[in-house]
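1. I'll drop the sequence and a predicted model, then ask my questions.
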Amino acid sequence: MNDTSTRGQVHIRCSQCGVFTINSEHCESCGALLSVVKQRKLVREKRDLELQKREREKGPSAIELQIKKMQQHRFWVVRAFSEVIYMSWVVAMAVGGFIAWILAAIIA
C-alpha cells in the first residue's frame, strides 16, 4: 500500500455514536457535529443571544426612569435642573475620559 494515499486525511471519532469519519465536519452515521471549535462557537453564539434577549427584556432602570420623568416634568424649573445635572455629568465624564487618555499615553 502506498503511504501517500493516507496523507491529508483526518480520522475523527464521533462522540455520539463512536463511528470514525474521514475529513468531515459531521458524522457520516448520525450527523453530529464533530468539530470542537465549531461546537464551542455555536455554544458561545447561543449564550450571547440569550444575554442580548435578557438585556432587551430587562428594560430601563429606576434611575433612568426618574431622569426621563424629570426631563418631561411640567415645571420648567425641574426640567432646567435636570438638564444642568445631565450636562454636569457629561462634562465630568468627558474630563475623566481625557485624563484617562493622557495617563494611558504617558504610560505607553
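-> All right, it came through fine.
2. what pLDDT, on average, does whichever helix or strand V43 is part of get?
-> V43 belongs to helix 36-58 when elements are defined using DSSP states H and E. Mean per-residue pLDDT for helix 36-58: 89.
3. could you list the buried residues of the lengthiest helix in the chain?
-> Determined from DSSP state H, the single longest helix within the chain is helix 76-107. Neighbour-count burial for helix 76-107 flags S82 (criterion: 16 or more other CB atoms under 10 Å). Heads up, the C-betas are built off the backbone N, CA and C, glycines and all.
4. what average pLDDT does that helix get?
-> Across helix 76-107, the average pLDDT comes to 94.
5. just checking, what packs against it?
-> Judged by 3 or more CB pairs under 8 Å, 6 or more residues apart in numbering; DSSP states H and E, the packing partners of helix 76-107 are helix 62-71.
6. rewinding a little: tell me what angle the longest helix of the chain forms with helix 62-71.
-> 130 degrees (axes from the mean of the first three to the mean of the last three CA atoms, to 10 degrees).
7. distance between helix 76-107 and the chain's centre?
-> 27 Å (CA atoms, centre = their mean, to the nearest Å).
8. from the contact counts, what lies against the helix holding V43?
-> By 3+ CB pairs under 8 Å, 6+ apart, helix 36-58 packs against no helix or strand.
9. residues contacting it, please?
-> 25, 33 (CB atoms under 8 Å, 6 or more residues apart in numbering).
10. domain ranges for this structure, per the record?
-> 10-59, 61-108 (automatic domain parsing).
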